[in-house]
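J.: Here's a sequence, model it:
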Amino acid sequence: MLRACQVVVDEGVARPTLIGRPDVIAARIEKFGLRLAAGRDYDLVNTEHDHRFRDYWQTYHAMTDRKGVTAQHAKIEMRRRLTLIGAMLLSKGEVDGMLCGTWGTTSIHLHYIDQVIGRREGVNTYACMNSLILPGRQVMLVDTHVNYDPTAEQLAEITTLAAEEMQRFGLRPKAALLSHSNFGSSNQPSAVKMRDALAILQQRAPWLEVDGEMHGDTALDSAYRTQLMPRSALTGEANLLVMPNIDAANIAYNLLKTAAGGGIAIGPVLLGAAKPVHILTPSATVRRIVNMTALAVADANAAR
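T.: You can find the predicted model right below:
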């Protein structure tokens, strides 16, 4: 994270705010041979003593007192949960975006983001989208980290959110709803779910180029798909792959990233949050953190 901060500062991408103990951060900056200086290059939230602590725990308690969080628990959480502190900074407008998640699981961090930041108006589902740059193509995969077994309704919303995010990247989304079956060749629950998701999308997002349910090779091989389903609404290669559950999405993502993507990925991009916040993974590289910082900056500027 600190090496990524050095790149972010050097390239003028953003002014970072770090959360932690000042002496520990300073010692690691020196250990890594970095040139960062508190106050000059980055702002600091001291987890051992900060003048905003009372305001923050009281605000958090007011948000969660009817969700089982007592005042004492709110104080403890606001001292030790770095994601919670960052979410409160974002909620209070003291930062414009947030990255977290380089340790632990997505669900741990999403818990605090949901409590403090919440979902965007009109959105019911969080999801994570990952982008992979593969030989000859770039593909997005959803949902890789949040929804274990999403319903057809959730899949339709996730697909729409991902497609809208791709449009913000300047990409034209071409969505394929993936399954073990091809266009009705199975009536297993997961295949039926993908067909139902397609029907919802055709009604609610007529602007989106989407089809399914289909195999992965059918999605990526347009010539084969044309032979199999000449009347498919999807043209060319799909670049947004929507999986029936988290097992399929996460396994496909990690296999493709390692076997064909050289370990290079952008994401996870958190979809559905009310403010620019993204939950990374412990495998995040310096390059990925820098890329996600730039994405958060673009999100913040778009929001303004």
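J.: so where is this protein shaky, pLDDT-wise?
T.: 303-304 (pLDDT under 70).
J.: Now with 50, please.
T.: 304 (pLDDT under 50).
J.: Can you give me every residue that contacts Ser186?
T.: Neighbouring residues of Ser186 by C-beta atoms under 8 Å, 6 or more residues apart in numbering: 179-180. To be clear about C-beta, it is placed using only N, CA and C from the backbone, and glycine gets the same treatment.
J.: where does it land in three-state SS?
T.: What DSSP: H, G, I helix; E, B strand; the rest coil gives for Ser186 is coil.
J.: And the contacts of stretch 158-168?
T.: Residues from elsewhere that reach stretch 158-168, judged by C-beta under 8 Å, 6+ apart: 123, 125, 127, 129, 140, 142-143, 147, 150, 172-173, 175, 177, 197, 201, 204-205, 208, 210, 239-240, 242, 269, 271-272, 298, 302.
J.: what's near enough to touch the nearest residue to Leu134 once chain neighbours are set aside?
T.: Distances taken as C-beta to C-beta, 6 or more residues apart in numbering put Ala260 closest to Leu134, at 5.0 Å, once the chain neighbours are dropped. Contact analysis of Ala260 by C-beta under 8 Å, 6+ apart lists 132, 134-135.
J.: Give me the buried entries from those residues.
T.: Taking 16 or more other C-beta atoms under 10 Å as the criterion, what is buried in the contacts of Ala260 is Leu132.
J.: Just the contacts of Ala260: which are in helices?
T.: Among those, no member falls in helices (DSSP state H).
J.: Going by distance to Gln6, which of the contacts of Ala260 wins?
T.: When the contacts of Ala260 are compared for distance to Gln6 (C-beta to C-beta), Leu132 wins out at 26.2 Å.
J.: The closest residue to the closest one other than its chain neighbours: what's it in contact with?
T.: Sequence neighbours aside, Gly261 is the residue nearest to Leu132 in space, at 4.6 Å (criterion: C-beta to C-beta, 6+ apart). By C-beta under 8 Å, 6+ apart, Gly261 lies in contact with 132-134.
J.: just to revisit the earlier point, quick check: phi and psi at the residue nearest to Leu134.
T.: Here is the backbone geometry of Ala260 (degrees, to the nearest 10): phi -130, psi -20.
J.: next one: Leu36
T.: phi -70, psi 140.
J.: Also the one 3 residues further on?
T.: Torsion angles at Gly39 (phi, psi; degrees, to the nearest 10) stand at phi 90, psi -40.
J.: which ones are touching it?
T.: So Gly39 contacts nothing (C-beta under 8 Å, 6+ apart).
J.: residue with max distance from the center of this protein?
T.: Distance from the C-alpha centroid of the chain peaks at Gln227, with 35.3 Å (C-alpha atoms, centre = their mean).
J.: And it, how far from Thr218?
T.: To Thr218, Gln227 is 10 Å away according to C-beta to C-beta, to the nearest Å.
J.: Could you do His180 as well?
T.: Using C-beta to C-beta, His180 is found at 12 Å from Thr218.
J.: ok, these two, which is more surrounded?
T.: Using other C-beta atoms under 10 Å, the more surrounded residue of His180 and Thr218 is Thr218, with 24 against 15.
J.: Could you chop this protein up by domain?
T.: Domain ranges of the chain: 2-118+273-303, 127-259, per automatic domain parsing.
J.: Need the contacts of Ala260 in CSV (columns: distance to Thr105).
T.: Compiled in CSV, the contacts of Ala260 are given as follows (distance: C-beta to C-beta, whole Å):
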residue, distance to Thr105
Leu132, 21
Leu134, 26
Pro135, 31
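J.: Buried residues in stretch 171-190, which are they?
T.: In stretch 171-190, counting by 16+ other C-beta under 10 Å, buried: 173-179, 181-183, 190.
J.: any chance of those residues in TSV, plus secondary structure?
T.: Output for those, formatted as TSV (three-state DSSP):
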residue	secondary structure
Pro173	coil
Lys174	strand
Ala175	strand
Ala176	strand
Leu177	strand
Leu178	strand
Ser179	coil
Ser181	coil
Asn182	coil
Phe183	coil
Ser190	helix
